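> My questions are about this predicted structure, shown below with the sequence.
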Amino acid sequence: MGKYFDELYGNPSSQLYELGRKSKEAIEKSRKIVADFLNAEEKEIYFTAGGTESDNWALKGVAFANFNKGKNHIITTKIEHHAIIHTCEYLEKFGIETTYLDVDRYGLIDLEKLKEAIRPETMLISIMFANNEIGTIQHIEEIGEIAKDNGVLFHVDAVQALGSVKIDVKKQHIDLMSMSAHKISGPKGVGALYIKKGTKIDNFIHGGGQERGRRAGTEGVQNIVGFGKAVEIAARDFNNNEKLIALRNRLIEGIKNNIPDVVLNGHPTQRLPNNVNFSYKYVEGESILLLLDMEGIAASSGSACTSGSLDPSHVLLATGLDHGTAHGSIRFTLSEEITEEDIDFVVETMKKIITKLRAMSPIKNDEDLKKN
Ligand code: PLP
């Protein structure tokens, strides 16, 4: 990436000089790497500023291209990222209706309910490959078949799945797919949208001819180069995630066996190799995070207090957790650099923190009084 900041800084739209041509070549190299990884064609990959933009483009682009043709209905789930849910809410202003499918306690949708939700006016099914909070992986190929059999476009938010799960856009009948570089250790602020050729979708950013005129604006060449490299590494290491799965399972077992009154969120096995999410009864997620930070451990809580709302995560509530339990949820995301010692340190630290917080918890004290 550094080379494209300080040596090869040409504008890829300027093909009359070598520096410009080199930049363009670098973009096209990344496009090929991404396309090959998904079993797509190069001209089906459009670089964007990340997952949020790709999700916005997929939904708004399909909605605006199709809603004058009697199509005004989208199907999605209650556990999508806000990039999907808030976009669907925005589209309601234009008369586009959305059905939000329920999920079971593991976060899986019911395929029969999906079939029942399809109407003649349905233009798009948008379902995430894997959930960012609880790690649950959906039955994407079966969903793709349902969409295809019913003549409905299928968009997949694969931001969390890219690099962890086998993706083959043809086999899985995917028409549109969102990706983001920073979820696979690439740079922030770059991603892509896969658009199957022939898909009816409006252009997203109007301006110059970049990205074949569909997403205008001078490209962040260095970011696209970084994204390409991250996908190249993800492809190289793809079959090597046993180590990560073993670490994930060590953390799950460590927490289950050492801390009472916990609930594993997400599917026990059909989950991302790097995701561990538990609810700890009688305590509050934000307090756990503060104490973890003091020990040098970075994690995320299941509540959305940081985003200015006291509501617990919509994902956890959709899986049936009550508000109290959802508020005491923590997600750990593992990377390749984590060791078994790190996992054991986290388990020991969590045990101490939860014991300490429960000793101060008024809810825990009430429960104990009731029991006695
Ligand atoms: N979709 C999912 C499932 C995500 O997890 C995220 C980010 O966490 C996004 C979309 C948004 O991606 P970005 O941060 O690249 O905008």
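Looks like it arrived, so ask away.

> use CA for all of it now, contacts and neighbours both
Fine.

> Please write out the alpha-carbon positions of the lowest-mean-pLDDT helix or strand in the chain in CSV.
Using mean pLDDT, DSSP states H and E, the weakest-scoring helix or strand in the chain turns out to be helix 362-371, at a mean of 72. What follows is helix 362-371, C-alpha atoms only, in CSV (Å, rounded to 0.1, in the frame of the first residue of the first chain):
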residue,chain,number,x,y,z
PRO,A,362,-28.5,-5.8,43.1
ILE,A,363,-30.2,-8.2,40.7
LYS,A,364,-28.0,-11.1,41.8
ASN,A,365,-28.7,-10.2,45.5
ASP,A,366,-32.5,-10.1,44.8
GLU,A,367,-32.3,-13.5,43.1
ASP,A,368,-30.3,-15.0,46.0
LEU,A,369,-32.9,-13.7,48.5
LYS,A,370,-35.7,-15.2,46.5
LYS,A,371,-33.9,-18.6,46.5
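
> any idea how far Ala158 is from Lys200?
20 Å (C-alpha to C-alpha, to the nearest Å).

> residues from the chain in reach of the ligand?
Gly50, Gly51, Thr52, His81, Ala83, Asn131, Asn132, Asp157, Val159, Gln160, Ser180 (C-alpha under 6 Å from any ligand atom).

> Now stretch 268-275: buried residues?
Using 16 or more other C-alpha atoms under 10 Å as the test for burial, stretch 268-275 gives Arg271, Leu272, Pro273, Asn274, Asn275.

> measure that stretch end to end?
Terminal residues of stretch 268-275 lie 11 Å apart, using C-alpha to C-alpha.

> Pull the residues that contact that stretch.
Residues from elsewhere that reach stretch 268-275 (C-alpha atoms under 8 Å, 6 or more residues apart in numbering): 106, 130, 133-137, 161, 164-165, 241, 244-245, 248, 331-335.

> what mean pLDDT does that stretch have?
Here stretch 268-275 scores 96 as its mean pLDDT.

> Can you pull out the low-pLDDT segments for the stretch 151-300 of the chain?
The model of the stretch 151-300 of the chain has no residue with pLDDT under 70.

> give me that answer again for 90
Applying pLDDT under 90 to the stretch 151-300 of the chain flags residues 238-241.

> for it, what spans make up the strands?
153-157, 176-180, 191-195, 262-264, 275-280, 300-301 (DSSP state E, counting those that start in this stretch).

> Give me whichever of these is most buried.
Each of the strands of the stretch 151-300 of the chain was scored by mean neighbour count; the highest is strand 176-180, a mean of 28, by mean count of other C-alpha atoms under 10 Å.

> now that one against strand 153-157, angle please.
Taking axes from the mean of the first three to the mean of the last three C-alpha atoms, to 10 degrees, one finds strand 176-180 and strand 153-157 inclined to each other by 10 degrees.

> Can you name the residues in contact with strand 176-180?
50-51, 54-55, 58, 153-159, 162, 190-196.

> Okay, now the sheet partners of it, with direction.
Counting by DSSP bridges, the strands paired with strand 176-180 are strand 153-157 (parallel), strand 191-195 (antiparallel).

> Let me know the secondary structure of the residue nearest to Thr319 when sequence neighbours are not counted.
Using C-alpha to C-alpha, 6 or more residues apart in numbering and skipping the chain neighbours, the partner closest in space to Thr319 is Arg105 (4.3 Å). Judged by DSSP: H, G, I helix; E, B strand; the rest coil, the three-state class of Arg105 is coil.

> Show me which pair in the residues of the chain next to the ligand is furthest apart.
Greatest spatial distance in these: Gly50 and Asn131, 16.8 Å, computed using C-alpha to C-alpha.

> how far away is the nearest residue to Val315 once chain neighbours are set aside from Asp157?
Of all residues not flanking Val315 in the chain, Ile79 sits nearest, at 4.6 Å (C-alpha to C-alpha, 6+ apart). Using C-alpha to C-alpha, one gets 12 Å for the distance from Ile79 to Asp157.

> Check Val263 too.
Taking C-alpha to C-alpha, one finds Val263 at 26 Å from Asp157.

> measure Ile252 to Gly296 for me?
20 Å.

> Compare neighbour counts for the two and give me the winner.
Ranked by neighbour count (other C-alpha atoms under 10 Å), Ile252 and Gly296 place Ile252 first, with 19 against 10.

> need the contact list for the more buried one.
Leu264, Val276.

> again, only using 7 Å
Applying C-alpha atoms under 7 Å, 6 or more residues apart in numbering to Ile252 gives the contacts Val276.

> do Ala359 as well
So Ala359 contacts nothing (C-alpha under 7 Å, 6+ apart).

> Just say helix, strand or coil for it.
Assignment for Ala359 (three-state DSSP): helix.

> Distance check, the residue lying closest to Leu153 once chain neighbours are set aside against the ligand.
Leaving out its chain neighbours, the residue that sits closest to Leu153 by C-alpha to C-alpha, 6+ apart is Leu124, at 4.7 Å. Going from Leu124 to the ligand by C-alpha to the nearest ligand atom, to the nearest Å gives 17 Å.

> Right, I'll call it a day here.
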